[in-house]
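S.K.: Fold the following, please.
(4 chains)
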Number of protein chains: 2
Amino acid sequence: MADADNRFIARLKLMTPLGIAELLALERLLQDRREFRAGQDIVKAGDRPDQLHIMLSGWACRYKLLGGGGRQIVALLLPGDPCDLDGVLVGRQDTSVATLTSVIVAVVSRDALLSVGRAHPRLADLLLWLTTLDNALMSERIASMGRRSARERVAHLFCELFVRLSSVGLQTSNAFALPFTQEVIGDTLGLTSVHVNRVLQALRKDGLIDLREHMLTVKDWPGLKAVAGFDPNYLHLSGMRAAPTSQEG
Amino acid sequence: MADADNRFIARLKLMTPLGIAELLALERLLQDRREFRAGQDIVKAGDRPDQLHIMLSGWACRYKLLGGGGRQIVALLLPGDPCDLDGVLVGRQDTSVATLTSVIVAVVSRDALLSVGRAHPRLADLLLWLTTLDNALMSERIASMGRRSARERVAHLFCELFVRLSSVGLQTSNAFALPFTQEVIGDTLGLTSVHVNRVLQALRKDGLIDLREHMLTVKDWPGLKAVAGFDPNYLHLSGMRAAPTSQEG
DNA sequence: CGAAGTGTTGAAGGGTTTCAAGCATAGTGG
DNA sequence: CCACTATGCTTGAAACCCTTCAACACTTCG
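M.R.: Numbering: from 1, shown residues only, chains lettered A, B, ... in the order given. Just a heads-up that it's a prediction; the model follows:
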């Protein structure tokens, strides 16, 4: 059970070099695992959580339910992402987390998390860093929803997912699986599933992507980036306080 | 001169009890101050900041500029709010910060910030907590922009500002100053200033608010909350959950 | 087989934007 | 004191993006 199969540890190592002691502490921390089927709630809004869940495989989303019955997805969660860090830190969960596929998570008690942070300051730094990264993703999402058209939003989401999947090593070719419905895309971007459908058709017709049976193929990466106005800087993939690396795709 | 005039320290004290040593360290940390006039940039996107700015008085906003020339305000900053915590922690600023009024900030070097965090774990916890709170605000903003109408968004923003101002002791009556233009409201909520204007008139006509010369009066608080679907839980004003590992005495 | 979920398409309607103009206020300089 | 300018608020009309409602095809699954 090295960290080869652990996207979370792999991701942290990308951010900052970790020593043996830190890696051992991490592996011990992540021992407990739990599996969920698709369409289940891992955490519910209003909970007072004392456990952190960390995605190891599968897809999930953090969401809010509004009074009118609408759902807004606040974040899409990939392997390596903490599900409910905010709720654990602040003591009260104000978003729910639902699985989109079958999912394996590591379950970490709040106390264990904090005491590991005390023992290994660099791991505590990473905790703060993960929260900050979440922040950056949400800032960009706000920018999308406020000032980008539906076409631009969808393109931007695909660009982001493509890069994020690549960054955790789940992406090699120009095609990847989007194992969820068009309604999920709509709930993520503040659109209806009907309009998402039309936008997807337009992007297909323009030769930018192909999306069939939950398989997304990026046929024209520069074109897609241009439509989206995508600049990957906000993903902060270059690591903690590292030099800027302009990735070209 | 102690922390009576310092909204940042006052706010932290609301969240968790602080000892004498911690308060002294905080005051020493916040000694350096700087003043900006209205309409200036405190930080610019792309900077590699080594200083944290903390709002002590006035209004500011964090924003992004999009390719098409549009501006999206990601957060409105009040006294007590850190301006650029994300950028300082992650090493690269991906939002700009602009003043909306004349502003006084405390300027804290990154190194001083981190070393104080090492010396006083509870202050480090508060840093993480502030980041998490920012996160919560942005989640709710995403929900607003994705699933609420313009009328609901404006009402929700006013509810949020009202409660936030109250929480830092800047709000006592049912009226408060909104020292910025309707375009700022639009850039915050993803609307045009023209439409914001029309929405404001409707809210006025319905007897919910009165807004004249940058002075907002809430005339029907229950009504405004109802329109907004406002639930203040996400602001986490009840304080920080006791952190077992950072209890001292 | 029937039911449920998802993708697709069409038509109509509405919320918001865009464009344009007019008005008020404050500041500036002659 | 009066143009003159700049900024922000207000209003109207037209256009547009997106939603809503509805229907149908297709697949999966009990």
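
S.K.: how near is the most far-flung residue of chain A relative to its centre to A:V218?
M.R.: What lies farthest from the middle of chain A is A:K205; by Cα atoms, centre = their mean that is 28.1 Å. Distance, A:K205 to A:V218, by Cβ to Cβ, to the nearest Å: 15 Å. To be clear about C-beta, it is placed using only N, CA and C from the backbone, and glycine gets the same treatment.

S.K.: now swap in A:L211 and tell me
M.R.: A:L211 is 10 Å from A:V218, by Cβ to Cβ.

S.K.: So in terms of bridging, what pairs with the most centrally placed residue in chain A?
M.R.: Most central in chain A under Cα atoms, centre = their mean is A:L77, positioned 3.4 Å from the mean C-alpha point. Here A:L77 sits in beta bridges with A:A60, going by DSSP bridges.

S.K.: interface residues of chain A facing DNA strand C?
M.R.: A:181-183, A:193-194, A:197-198, A:200-201, A:214 (Cβ under 7 Å from any atom of the strand).

S.K.: switch to 10 Å and redo it
M.R.: Residues of chain A found near DNA strand C (Cβ under 10 Å from any atom of the strand) are A:38-39, A:100, A:146-147, A:149, A:178-186, A:192-198, A:200-202, A:204-205, A:211-214.

S.K.: Among those residues, which lie within strands?
M.R.: In this view, the residues of chain A next to DNA strand C that belong to strands under DSSP state E are A:211-212.

S.K.: tell me, which of the residues of chain A next to DNA strand C make contact with chain B?
M.R.: A:146-147 (Cβ under 8 Å from any Cβ of the partner chain).

S.K.: If any of the residues of chain A next to DNA strand C are buried, put those into a PyMOL selection.
M.R.: A single PyMOL command selects the buried members of those (16 or more other Cβ atoms under 10 Å in any protein chain shown):
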select buried, chain A and resi 100+146+147+178+180+182+184+185+186+196+200+211
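
S.K.: what sits against the closest residue to A:L65 other than its chain neighbours?
M.R.: Nearest non-adjacent residue to A:L65, counting by Cβ to Cβ, 6 or more residues apart in numbering or on different chains: A:R71, 5.7 Å away. Contact analysis of A:R71 by Cβ atoms under 8 Å, 6 or more residues apart in numbering or on different chains lists A:63-65, A:187, B:147.

S.K.: same deal with A:L30?
M.R.: So A:L30 contacts A:6, A:8-9, A:54, A:106, A:108 (Cβ under 8 Å, 6+ apart).

S.K.: which stretches of chain A have low pLDDT?
M.R.: A:1-5, A:239-249 (pLDDT under 70).

S.K.: residues from it in reach of DNA strand D?
M.R.: With Cβ under 10 Å from any atom of the strand as the criterion, chain A comes near DNA strand D at residues A:68, A:70, A:148-154, A:186, A:189-199, A:202, A:213.

S.K.: One more pass at 6 Å, please.
M.R.: A:149-150, A:191-192, A:194-195 (Cβ under 6 Å from any atom of the strand).

S.K.: what's the most distant pair in those?
M.R.: A:S149 and A:V194 (15.8 Å; Cβ to Cβ).

S.K.: Quick check: the closest residue to A:V227 other than its chain neighbours vs A:S144, distance?
M.R.: With sequence-adjacent residues excluded and distances taken as Cβ to Cβ, 6+ apart, A:V227 is closest to A:A155, at 4.2 Å. As judged by Cβ to Cβ, A:A155 and A:S144 stand 10 Å apart.

S.K.: Kindly check the end-to-end length of stretch A:97-110 for me.
M.R.: End-to-end distance for stretch A:97-110, by Cα to Cα, to the nearest Å: 17 Å.

S.K.: buried residues in that stretch?
M.R.: Buried residues in stretch A:97-110 (16+ other Cβ under 10 Å): A:97-101, A:103, A:105-106, A:108, A:110.

S.K.: Also stretch A:42-53?
M.R.: Those buried within stretch A:42-53 under the rule 16+ other Cβ under 10 Å are A:42-43, A:45, A:47, A:49, A:51-53.

S.K.: could I get the residues you listed as TSV with secondary structure?
M.R.: Shown next, in TSV, are these (DSSP: H, G, I helix; E, B strand; the rest coil):
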residue	secondary structure
A:I42	strand
A:V43	strand
A:A45	coil
A:D47	coil
A:P49	coil
A:Q51	strand
A:L52	strand
A:H53	strand
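
S.K.: Closest to DNA strand D out of those?
M.R.: A:I42 (21.6 Å; Cβ to the nearest atom of the strand).

S.K.: Where does the closest residue to that closest one other than its chain neighbours sit: helix, strand or coil?
M.R.: Residue nearest to A:I42 in three dimensions, not counting chain neighbours: A:V97, with 4.4 Å by Cβ to Cβ, 6+ apart. Following three-state DSSP, we place A:V97 in the strand state.

S.K.: Name the residues of the helix or strand where A:L127 lies that come out as buried.
M.R.: Secondary-structure assignment from DSSP states H and E places A:L127 in helix A:121-147. Of the residues in helix A:121-147, A:123-147 count as buried by neighbour count, 16+ other Cβ under 10 Å.

S.K.: same question, stretch A:224-237
M.R.: Neighbour-count burial for stretch A:224-237, counted by 16+ other Cβ under 10 Å, picks out A:224-225, A:227-230, A:232-237.

S.K.: May I ask which two of the residues you listed are separated the most?
M.R.: A:V227 and A:H236 (23.0 Å).
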